[in-house]
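A.B. asks: model this:
(chains A and B)
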There are 2 protein chains.
Amino acid sequence: MYQVAVDAMGGDFAPQAVVHGVIEALNAWKDLHVFLVGVPEQIRPHLPRKMPSNLSLVPASQIIGMNDPPIEALRTKTDSSIRRAFELLRQGQVQAVVSAGNSGAVLAHALFLLGRLSGVSRPAIATVLPTIKHHAVLIDSGANVDCKPQHLVQFATMGAVFSEQVLGFKHPRVGLLSIGEEGGKGNTLVKRTHKLLSEGPLNYVGNIEGRDIYKGEVEVIVCDGFVGNVCLKLSEGLAEALMSMLAQEVLSQRLAKLGFMLAQRALRKFKQRIDWRERGGAPLLGIEGVVIISHGRSDARAIKNALGTAKEFIKLDLVNKLKEALQDT
Amino acid sequence: MYQVAVDAMGGDFAPQAVVHGVIEALNAWKDLHVFLVGVPEQIRPHLPRKMPSNLSLVPASQIIGMNDPPIEALRTKTDSSIRRAFELLRQGQVQAVVSAGNSGAVLAHALFLLGRLSGVSRPAIATVLPTIKHHAVLIDSGANVDCKPQHLVQFATMGAVFSEQVLGFKHPRVGLLSIGEEGGKGNTLVKRTHKLLSEGPLNYVGNIEGRDIYKGEVEVIVCDGFVGNVCLKLSEGLAEALMSMLAQEVLSQRLAKLGFMLAQRALRKFKQRIDWRERGGAPLLGIEGVVIISHGRSDARAIKNALGTAKEFIKLDLVNKLKEALQDT
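C.D. replies: Next up, the predicted model:
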């Protein structure tokens, strides 16, 4: 049985989208038990009449908003849904937490209530990206905006374990995102990280450039969380912009509606893949527990998929695999 | 008459592509005089039999390679084509320099031989991007990998002048590239820059996210050169990857070849626009002179367009417009 705590109050469409996603997941997987954490009066209207047996409601009276400063929320909102969810994980009642709420607050609570794995200074978000060949993982996707070289080395190690265990690549190739392929190119952070990775045990192939991200020639792309987040959102926005440019092209031509729809479908598919829906959320790696951060705009399907992802990581024993790999470095 | 020095030895396809581009430009514009700088024996085989009257050859015996460390090249290669080109500009024989060579070396020579405009600590590369509404300028696109807040403020000022003078926007809106729209979000550099820009005289609209770059809701996008370069190359690579994903989609469907070609054309058009060919090169702003940095992979058409861009900036008196704007800040 997989036990997962879900923050019912997190995300733009909470609690409705979260509750619906949880119900879908419970219908799909009989080996799942969800602890839905949040304000009972707000959750109940969205529950089915007959409460599923594998669903528990855990009351929490406070909500952490998207713009609440994370550390302050941690200090003052001691009965928040995020906090209660992490307490369940700390007490061993669940094996994972899923939240589409304030990701800075999720990070702060994870650090404070669960702690970091030994060898990790900064937990990082790993996002799975489609490429023209296969899937790659981009780490860090937004947890750490100001990084030191040793942080990026830890991201690389965690990304490689993730790629091996979750995506099934043996000896995944690790690339460092920079602005030139030669090791001497990049900013100070990247140049120093390049040196450390070159001397380390990973299958490090050197710097890669922005244009290489979607080529599929590395399985792990390492960068700081500022750059990673800009890259993800740029990709999402560009796919959207291209759809709209395509539409203009078609309108100016009065040709081939069918082809346009085809192209649009491919672009939409791509966009969905990168906006975290395929997996429903991205794991926060480096924490003593499985933590899935879902997109703020998550709908029911995204929440359901996040629960599937949580199950997968519990089954793979991902946290212990990360611990082992970090010990070896 | 517009006088421009062109580095014949710079770029992956030099000198052939450069010489051909220059000849095309001279045929197109009778008010242009080009000083082609480089190794005479390597240039001559590509020249037409009848030498155009508005073309001068300026010998230089050395070539700065793409991987030569810029400062070392500046110190040791005193008869390089890049150096000779900048000397012509310093002596007033030409009004602009165009080079598709080592951009770090171009920057170093520009700084050493021409100097910075008063009020500019770091010259920056401005790239014109297509958006779904109109064109926007991304500054810095790669000249400065490690920046301080005041540098980004100067980039914003220069970007705004460029947007007004070259792209024709009145009071262009300036956005700071970050990972959240609220001013409190971003890395240390961005948070401090946000404060300075908020207090400054520009039409600053606040942080924008990666997904907003192509929306066309700001005319000037400000970021450090590392992030800017990653964004540009990512956009180029993503357009390529989407073309290849579209191709897979079409092959798996056996439908609508026409529509596919249409989509492909739109994507290719987009890709060409962002890889600097439309304008043939991006200006290095903040220098005492017009300097156009062309893409390393420039073909003859790109070089020709770079010469057109150089002419345009000379005509607009862009350098003096920048000086005036910088004085006011």
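
A.B. asks: what's the closest non-adjacent residue to A:V106?
C.D. replies: Closest residue in space to A:V106, ignoring its immediate chain neighbours: A:S99 at 5.0 Å, by Cβ to Cβ, 6 or more residues apart in numbering or on different chains. (C-beta placed from N, C-alpha, C; glycine too.)

A.B. asks: same question, A:I71
C.D. replies: A:A108 (5.8 Å).

A.B. asks: A:T78: what secondary structure?
C.D. replies: Look at A:T78: counting by DSSP: H, G, I helix; E, B strand; the rest coil, its state is coil.

A.B. asks: give me the number of residues near it?
C.D. replies: 12 (other Cβ atoms under 10 Å in any protein chain shown).

A.B. asks: just for the stretch 151-300 of chain A, where's the confidence low?
C.D. replies: Applying pLDDT under 70 to the stretch 151-300 of chain A picks out residues A:246, A:248-263, A:266-267, A:270-279.

A.B. asks: tell me where it has helices.
C.D. replies: Applying DSSP state H, counting those that start in this stretch to the stretch 151-300 of chain A gives helices spanning A:188-199, A:225-251, A:257-274, A:300-316.

A.B. asks: then A:P52 would be within a strand, right?
C.D. replies: No - read with three-state DSSP, A:P52 is coil and lies in no strand.

A.B. asks: give me the phi and psi angles of whichever residue of the stretch 1-150 of chain A sits closest to chain B.
C.D. replies: The minimum distance from the stretch 1-150 of chain A to chain B, using Cβ to the nearest Cβ, falls at A:V145 (3.9 Å). When read as degrees, to the nearest 10, the backbone of A:V145 gives phi -90, psi -20.

A.B. asks: ditto for A:H33
C.D. replies: Torsion angles, degrees, to the nearest 10, at A:H33: phi -120, psi 120.

A.B. asks: tell me what it is bridged to.
C.D. replies: Beta-bridge pairing for A:H33 (DSSP bridges): A:Q3.

A.B. asks: that one contacts A:M1, correct?
C.D. replies: Yes - the pair A:H33 / A:M1 is scored as a contact, 5.8 Å apart, by Cβ atoms under 8 Å.

A.B. asks: tell me which of those two has more neighbours.
C.D. replies: A:H33 (18 against 8).

A.B. asks: closest to B:M9 out of the helices of the stretch 151-300 of chain A?
C.D. replies: Counting by Cβ to Cβ, B:M9 lies closest to helix A:188-199 out of those; the figure is 27.6 Å.

A.B. asks: give me the contacts around the closest one.
C.D. replies: The contact list for helix A:188-199 (Cβ atoms under 8 Å, 6 or more residues apart in numbering or on different chains) reads A:147-150, A:152-153, A:156, A:174, A:176-178, A:183-186, A:204, A:206-207, A:222, A:224, B:145-146, B:226.

A.B. asks: distance from it to the middle of the chain?
C.D. replies: Here helix A:188-199 is found 25 Å from its chain centre; the criterion is Cα atoms, centre = their mean, to the nearest Å.

A.B. asks: what angle sits between that helix and helix A:225-251?
C.D. replies: Here helix A:188-199 points in a direction 100 degrees away from that of helix A:225-251 (axes from the mean of the first three to the mean of the last three Cα atoms, to 10 degrees).

A.B. asks: before we move on, which element is A:E72 in?
C.D. replies: For A:E72, the element it lies in under DSSP states H and E is helix A:70-76.

A.B. asks: got the residues of the stretch 1-150 of chain A near chain B?
C.D. replies: A:N67, A:P69, A:P130, A:T131, A:I132, A:G142, A:V145, A:D146 (Cβ under 8 Å from any Cβ of the partner chain).

A.B. asks: go again with 6 Å.
C.D. replies: A:I132, A:V145, A:D146 (Cβ under 6 Å from any Cβ of the partner chain).

A.B. asks: pipe these into CSV and attach neighbour count per row.
C.D. replies: Below are those laid out as CSV (neighbours: other Cβ atoms under 10 Å in any protein chain shown):
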residue, neighbour count
A:I132, 17
A:V145, 22
A:D146, 16
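
A.B. asks: how about the contacts made by A:F313?
C.D. replies: By Cβ atoms under 6 Å, 6 or more residues apart in numbering or on different chains, A:F313 lies in contact with A:V290.

A.B. asks: A:N203: how many residues sit nearby?
C.D. replies: Count around A:N203 with other Cβ under 10 Å applied: 17.

A.B. asks: surely it meets A:K170?
C.D. replies: No - counting by Cβ atoms under 6 Å, A:N203 stays clear of A:K170, with 9.3 Å between them.

A.B. asks: using PDB, write down the CA coordinates of stretch A:201-220.
C.D. replies: The C-alpha coordinates for stretch A:201-220 follow below in PDB (Å, rounded to 0.1, in the frame of the first residue of the first chain):
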ATOM      1  CA  PRO A 201      33.100  10.200 -11.000                       C
ATOM      2  CA  LEU A 202      30.100  11.000 -13.200                       C
ATOM      3  CA  ASN A 203      29.900  10.500 -16.900                       C
ATOM      4  CA  TYR A 204      30.400  14.200 -17.500                       C
ATOM      5  CA  VAL A 205      30.600  15.200 -21.100                       C
ATOM      6  CA  GLY A 206      31.400  18.900 -20.600                       C
ATOM      7  CA  ASN A 207      29.500  22.100 -21.300                       C
ATOM      8  CA  ILE A 208      26.400  22.100 -23.500                       C
ATOM      9  CA  GLU A 209      24.700  25.100 -25.000                       C
ATOM     10  CA  GLY A 210      21.100  26.200 -24.900                       C
ATOM     11  CA  ARG A 211      20.600  24.800 -28.400                       C
ATOM     12  CA  ASP A 212      21.600  21.300 -27.200                       C
ATOM     13  CA  ILE A 213      19.000  20.900 -24.500                       C
ATOM     14  CA  TYR A 214      16.400  19.400 -26.900                       C
ATOM     15  CA  LYS A 215      18.900  17.400 -29.000                       C
ATOM     16  CA  GLY A 216      19.000  14.500 -26.600                       C
ATOM     17  CA  GLU A 217      22.700  14.100 -26.600                       C
ATOM     18  CA  VAL A 218      22.900  14.200 -22.800                       C
ATOM     19  CA  GLU A 219      20.600  12.600 -20.300                       C
ATOM     20  CA  VAL A 220      21.200  15.100 -17.500                       C
END
